[in-house]
Structure formats: structure tokens, C-alpha cells
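Undergrad: Provided below for reference: sequence and predicted model.
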Amino acid sequence: MIRKPRRTGVYPDREVDCQEAMEPGFQAIIDCMIEAGWTREEAKRALRRLIAADNMAQKENAKVETEFAIARAKIRAGRPRHW
């Protein structure tokens, strides 16, 4: 089980606490990948690529949500949609 933050909200060592909470799971993923036949470096590169892909997906989702919000505002204002 993953440990929860020590406190709610922002506090000075929150990122360190998150990293420490994630460490066992990270090591388990790496160990499973090595056991399956991948090298440690391959697994780490794959994780970096997954993080990059997640970042891109989050940016795209935010962009689409913004476009939807603009379209909804235009509809509420009685303006026609132009997309």
C-alpha cells in the first residue's frame, strides 16, 4: 500500500514524501521488468517515455477542456459555434 502524505495541503517536504512513498513501487516495477528480460536502462527509458506521454496527454486534455469551455460560453451567450 502506498503511504499517504503526512499532512494535507502544501508543505515543505511534500515532494520528498511523495518520492519516498513511490520508491517501493518504482523498485517493484524495475524488478519485474528485469525479471521479464528487460534491462534496467530499458525499463528506465520506458518509464521516462511513459511520463513524457502522460505529460503530453495532460496538455492536450487541458487544451480540449479549454476549447469546450469556450464553446459552452459562446452557446450560453447565444453566439454561434465556429470550429
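TA: Perfect, thanks for sending it.
Undergrad: Give me the average confidence score over the helix or strand harbouring residue 61.
TA: Per DSSP states H and E, residue 61 falls inside helix 40-76. In this model, helix 40-76 has an average pLDDT of 94.
Undergrad: Buried ones in it, by neighbour count?
TA: Residues residue 43 are the ones in helix 40-76 that count as buried (16 or more other C-beta atoms under 10 Å). Backbone N, C-alpha and C define where each C-beta goes, glycine included.
Undergrad: Tell me the confidence at residue 1?
TA: 85.
Undergrad: For it, give its distance to residue 48.
TA: 26 Å (C-beta to C-beta, to the nearest Å).
Undergrad: try residue 39
TA: In terms of C-beta to C-beta, residue 39 sits 14 Å off from residue 48.
Undergrad: Please apply the same query to residue 16.
TA: Distance from residue 16 to residue 48, by C-beta to C-beta: 20 Å.
Undergrad: Same check on residue 75?
TA: 41 Å.
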